[in-house]
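[1] need the 3D shape of this:
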Amino acid sequence: MSSTGTSTGRLAMAFLGELENEAKTTRAVLERVPADKFDWQPHEKSMKMGRLAVHVAEMFGWTKETLKSDVLDFSTMDMTPFEPRTTDELLAFFDEQIANAKAILAETSDETFMTDWTMRNGEQVYFTMPKVAVMRSFVMNHIIHHRGQLSVYLRLNDIPVPSIYGPSADEGQM
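    Got it, this is the predicted structure:
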């Protein structure tokens with residue numbers, strides 16, 4: 001039983017296993033983002049490398065917003081992103097997001113995953129779906145998508161790309 005009186009659900013256990021794997025891979029990518037390239041961007045419409053790296057790191061923290069609330073309303077939030085000065089600060093921020101996500105997942109019941117979650121901006125509703133679907137699409141898949149972008153940023157800067165789901169051209173065999 002968790003401190004909230006609920007036992008960790010099977011869905012939470014599955015997400016914890018996936019989070020462990022994705023966090024390890026994501027950290028390997030983030031470790032390679034040099035602070036002197038935080039302002040680099042491949043195109044004027046693209047995020048800067050540092051902002052993209054923070055976005056990848058912060059999305060694991062969205063586990064709390066997803067599982068501990070039923071609505072995310074942008075009109076009621078201060079959305080000032082974290083701005084690290086160094087790669088070590090970026091990694092410390094990432095590690096904090098991972099620790100918090102693990103703790104929240106560990107106390108989440110299957111019933112909680114089946115409740116609805118809504119993203120809105122005041123009266124404008126973007127979507128409502130079960131929290132399990134939000135965790136899969138809006139959190140995990142979203143992280144994987146932007147981590148892929150970040151790995152391209154590394155390649156474009158001649159920074160070795162780590163193995164992600166298999167060997168990279170820089171790391172060869174797994």
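
[2] find the residue ranges of this protein scoring beneath the pLDDT cut-off.
    Scanning the chain for pLDDT under 70 picks out 1-7, 173-174.

[3] now do the helices in it.
    For the chain, applying DSSP state H gives helices covering 10-30, 49-59, 62-68, 87-106, 110-113, 131-133, 142-156.

[4] spatially, which residue comes closest to residue 106, not counting chain neighbours?
    Beyond its immediate neighbours in the sequence, the residue positioned closest to residue 106 (Cβ to Cβ, 6 or more residues apart in numbering) is residue 8, lying 5.4 Å away. All C-beta atoms are positioned from the backbone trio N, CA, C, and that covers glycine.

[5] neighbours around that neighbour, how many?
    16 (other Cβ atoms under 10 Å).

[6] need the contact list for it.
    Residues near residue 8 by Cβ atoms under 8 Å, 6 or more residues apart in numbering: 2, 105-109.

[7] in contact with the nearest residue to residue 19 once chain neighbours are set aside, which residues?
    Closest residue to residue 19 in three dimensions, ignoring its sequence neighbours and counting by Cβ to Cβ, 6+ apart: residue 101, at 6.1 Å. Going by Cβ under 8 Å, 6+ apart, residue 101 touches 19, 60-61, 63-64.
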